[in-house]
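[1] could you look at this predicted model? Sequence included:
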Amino acid sequence: MSEIKRVGVLGCGLMGSGIAQVAAAAGYETLVRDVAQPILDRAKAGIGQSLAKFVEKGKLQPVDREAALKRLNFTTTTADLKPCDIVIEAVTEDLEVKNALWKELDARCGPGTIFASNTSSLTIAAMAAATRRPDRFVGLHFFNPVPLMQLVEVVKTVTTSGETFSRAYAFAKSLGKEPVAAKDNSGFIVNLLLVPYLLDAIRALEHGVASVPDIDKAMQLGCGYPMGPLTLLDFVGLDTTYRIAEIMFAEYKDQKYAPPPLLKRMVLAGMSGKKSGKGFYDYSVNPPAVSSLGL
Ligand code: 3HC
């Protein structure tokens, strides 16, 4: 069993850059690939800021921040990931896009490279089957914000070998995370339970049960959640949640995963949440105001 030394990360949006950050901070040589230089530059700056925040809080020494940043490299060329011992994919939640990348990498990486997807809702089996290494394919599902959230779901599909699963599990632990084992069902553990809850919060708003801040306040103070569901939706991204809900609805044909009309309207209007500046709340003002949704 060869040791994991070099980590490849495909995609450097919110999740990919968080994964790259924790890998580099844990001592791995980390190479991040995305389609364009400005995207990589933005991710690099974001990682630098996040590590600086840990230094500011006394959770990281300045010298360790510098060392982590030195271990991080960026590329727009997929082929550069060839020498990686594990490649973690965190690109858009679209099977065709993911599988085009996996096929390209499968042809380039050696037989020892483990492939891991950070998919939220697609089945690992559908990606593993597109490669010639279905036994070395696993799910590694991180949570947003990756540098702060403890959990990683380690997902074994029908073809994943015991050795691949054990290595992926140990790798998640080596990042300072708490892994849990999950089967390859759409949504694994967390999204299977979280997505209906988030969609129900939107349905409650649609039905006039309460206002945006009161729905959030109720779940924060009534259940001790760190964020209310509508704030969490803004945080995760409404576009991302919509896509996840569509995939889970297609998989289970169960109404609880059906995206509510309001979510679709907001996504169509470009209200993707915090990253777009507007979702259930308007982030162009400080503190954020409640958005006018015409309800
Ligand atoms: N890097 C470094 N520091 C960060 C950071 C990051 N990426 N993000 C936030 N911080 C810092 C903040 O700046 C803040 O610093 P400060 O105290 O100096 O202001 C500190 O962390 C704490 O943040 P907050 O003040 O916002 O306080 P919280 O105690 O609320 O912690 C939180 C933030 C951990 C995000 C917490 O609100 C939380 O746990 N929220 C729920 C998140 C959640 O449920 N995530 C899962 C989403 S589902 C998912 O990802 C699955 C996917 O498939 C959809």
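    Looks like it came in fine.
[2] quick check: Gly273 vs the ligand, distance?
    Using CB to the nearest ligand atom, to the nearest Å, one obtains 11 Å as the distance from Gly273 to the ligand. No exception for glycine: its C-beta is placed from N, CA and C like everyone else's.
[3] who are the contact partners of that residue?
    For Gly273, the set of contacting residues under the criterion of CB atoms under 8 Å, 6 or more residues apart in numbering consists of Leu233, Asp234, Phe235, Val236, Gly237, Leu238, Asp239, Gly279, Phe280.
[4] the third one: how many residues sit nearby?
    Counted with other CB atoms under 10 Å, the burial measure for Phe235 works out to 15 neighbours.
[5] if we can go back for a sec, what about the ligand: which of the contacts of Gly273 touch it?
    Checking the contacts of Gly273 against the ligand by CB under 6 Å from any ligand atom, the ones in range are Val236.
[6] going along the chain, name the strands of the stretch 51-200 of the chain.
    Residue ranges of the strands in the stretch 51-200 of the chain, as given by DSSP state E, counting those that start in this stretch, are 72-75, 86-89, 114-117, 137-141, 151-156, 178-183.
[7] check what contacts the second one and list those residues.
    By CB under 8 Å, 6+ apart, the residues outside strand 86-89 that reach it are 4, 6-11, 16, 19, 23, 81, 98, 101-102, 105, 109, 113-119, 140, 167-168, 171.
[8] please flag which of those residues sit within helices.
    Assigned to helices by DSSP state H, the following of these qualify: Gly16, Ile19, Ala23, Lys98, Leu101, Trp102, Leu105, Arg167, Ala168, Phe171.
[9] quick one: pLDDT of the residue lying closest to Thr92 once chain neighbours are set aside?
    Take Thr92 and drop its neighbours on the chain: the residue closest to it by CB to CB, 6 or more residues apart in numbering is Gly11, 7.5 Å away. What the model reports for Gly11 is a pLDDT of 98.
[10] please begin residue numbering at 58 from this point
    Renumbered: residue one is now 58, and that last one reads Gly68.
[11] can you count the residues close to Gly68?
    Around Gly68 sit 25 other residues, with neighbours defined as other CB under 10 Å.
[12] mind listing what it touches?
    If you count contacts by CB under 8 Å, 6+ apart, then Gly68 has Arg90, Asp91, Glu146, Ala147, Val148, Thr149 around it.
[13] turn the residues you listed into a markdown table, including neighbour count, pLDDT and distance to Lys332.
    What follows is those, written out as a markdown table (neighbours: other CB atoms under 10 Å; pLDDT from 0 to 100; distance: CB to CB, whole Å):
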| residue | neighbour count | pLDDT | distance to Lys332 |
| --- | --- | --- | --- |
| Arg90 | 27 | 98 | 21 |
| Asp91 | 23 | 98 | 16 |
| Glu146 | 24 | 98 | 20 |
| Ala147 | 29 | 98 | 15 |
| Val148 | 22 | 97 | 16 |
| Thr149 | 12 | 92 | 14 |
